[in-house]
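1. sequence first, then the predicted structure, then my questions.
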Amino acid sequence: PAELPNPASEGRAQALSVTHDARGNGILVWKAVDLPVPRTVYAYVNAAGAILSSPAVFESQSRYLSYNGSAISTYRPFGDVPLDSFGAGSIEKLLDDGVTAGCGTDTFCPGQPVTRAEMAVFLLKAEHGSSYTPPACTGVFGDVACPGGFAVDWIEEAAAEGITAGCGNGNFCPDANVSREQMAVLLLKAEHGSSYSPPACTGVFADVACPGGFAVDWIEQLAAEGITAGCGNGDYCPKQDVKRSQMAVFLSKTMNLR
């Protein structure tokens, strides 16, 4: 076949073909002959022809692709997460790393807020790996039954590691939603350890007072590490609930999930 420009590099490509998945997302497939060992490469494209994700080498089999030598077929692991939706790639990273299996059969609930109980599980699995099991609970928080409370072992281990001290008065508030300002503290403590203290604020976000704003040092450090750029217009929206899709992005960036 004739050689064509390789969308992945300055080199060459052969056997370019176009197909689509069950959701109508276009897929470019080509053989990258300029790699040290030639490989089949694919990239998703939208209706305008723009590549939606970085071209990836196809190594004969993956969770989401199958290739018979001439055609490629795909499926989405979560039916409520279209390929071009916010956080789609990070959500799949959480699935691949065993951090979450979603919120139900083939669903992730990307627009649903993250609760404090769920956050404990997300953080510890991202930190320790999918095979990690926390110690059995001993009865730390008055509002989380031990045994029997949802994620109680994970909640108590998050407290034992100094990631969180609860919500006050001996409680954890497991069903309360995690806010963006709380998230900054939780993520950085999980990443750097309970003894970590971020640098003093300099005044990055217009809606977070510096000094004096709750968790302002943590919020600005989260931005300094490139984990968030805020919520737009120079603001951070510290009181806003964190959605599951947003948490996938924050968590995959913080913990460097593959």
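-> Yes, it's here. Numbering: from 1, shown residues only.
2. how about K189, what does it touch?
-> The contact partners of K189, taken as Cβ atoms under 8 Å, 6 or more residues apart in numbering, are G162, I163, T164, Y196. (Each C-beta comes from the backbone N, C-alpha and C, glycine too.)
3. next: E157.
-> When contacts are counted by Cβ under 8 Å, 6+ apart, E157 touches A120, L124, P134, P135.
4. so how far is the helix or strand where it lies off the chain centroid?
-> Assigning secondary structure by DSSP states H and E places E157 in helix 152-160. Centroid separation for helix 152-160 versus its chain: 21 Å, with Cα atoms, centre = their mean, to the nearest Å.
5. show me what counts as buried in it.
-> Buried residues in helix 152-160, counted by 16 or more other Cβ atoms under 10 Å: V152, D153, W154, I155, E156, E157, A158, A159.
6. what's the angle from the helix or strand just after that helix to helix 152-160?
-> Taking DSSP H and E as the definition, the helix or strand that follows helix 152-160 towards the C-terminus is helix 180-192. Angle, helix 180-192 to helix 152-160, by axes from the mean of the first three to the mean of the last three Cα atoms, to 10 degrees: 80 degrees.
7. quick one: helix 180-192 to chain centroid distance?
-> Its chain's C-alpha centre and that of helix 180-192 lie 14 Å apart, by Cα atoms, centre = their mean.
8. mind listing what's buried along that helix?
-> With burial defined by 16+ other Cβ under 10 Å, the residues of helix 180-192 counted as buried are R180, E181, Q182, M183, A184, V185, L186, L187, L188, K189, A190, E191.
9. ok, the third one touching W218?
-> What it means is Q182. No. When contacts are counted by Cβ atoms under 8 Å, Q182 is not listed as touching W218 (9.3 Å).
10. at which residues are the helices of the chain located?
-> Taking DSSP state H as the criterion, the chain carries its helices at 88-96, 116-128, 152-160, 180-192, 216-224, 244-254.
11. the third one - what's its average pLDDT?
-> It stands for helix 152-160. Helix 152-160 shows an average pLDDT of 98 in the prediction.
12. one more: the fourth one?
-> Rounded to a whole number, the mean pLDDT of helix 180-192 is 96.
13. what of the second one?
-> Mean pLDDT, helix 116-128: 96.
14. which other residues reach it?
-> Outside helix 116-128, the residues within contact range by Cβ under 8 Å, 6+ apart are 94, 97-100, 114, 132, 134, 144, 150-151, 154-155, 157-158, 161, 163-164, 167, 172-178, 183, 186-187, 190, 247, 251, 254-255, 257.
15. show me which parts of that helix are buried, residue by residue.
-> Using 16+ other Cβ under 10 Å as the test for burial, helix 116-128 gives R116, A117, E118, M119, A120, V121, F122, L123, L124, K125, A126, E127.
16. and the gap between Q240 and R180?
-> Shown here: Q240 relative to R180, a distance of 5 Å by Cβ to Cβ, to the nearest Å.
17. now for these two: what residues contact both?
-> C231.
18. need the buried residues of helix 180-192 in a markdown table with distance to V140, can you?
-> Converted to a markdown table, the buried residues of helix 180-192 look like this (distance: Cβ to Cβ, whole Å):
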| residue | distance to V140 |
| --- | --- |
| R180 | 26 |
| E181 | 23 |
| Q182 | 19 |
| M183 | 22 |
| A184 | 23 |
| V185 | 19 |
| L186 | 17 |
| L187 | 22 |
| L188 | 22 |
| K189 | 17 |
| A190 | 18 |
| E191 | 23 |
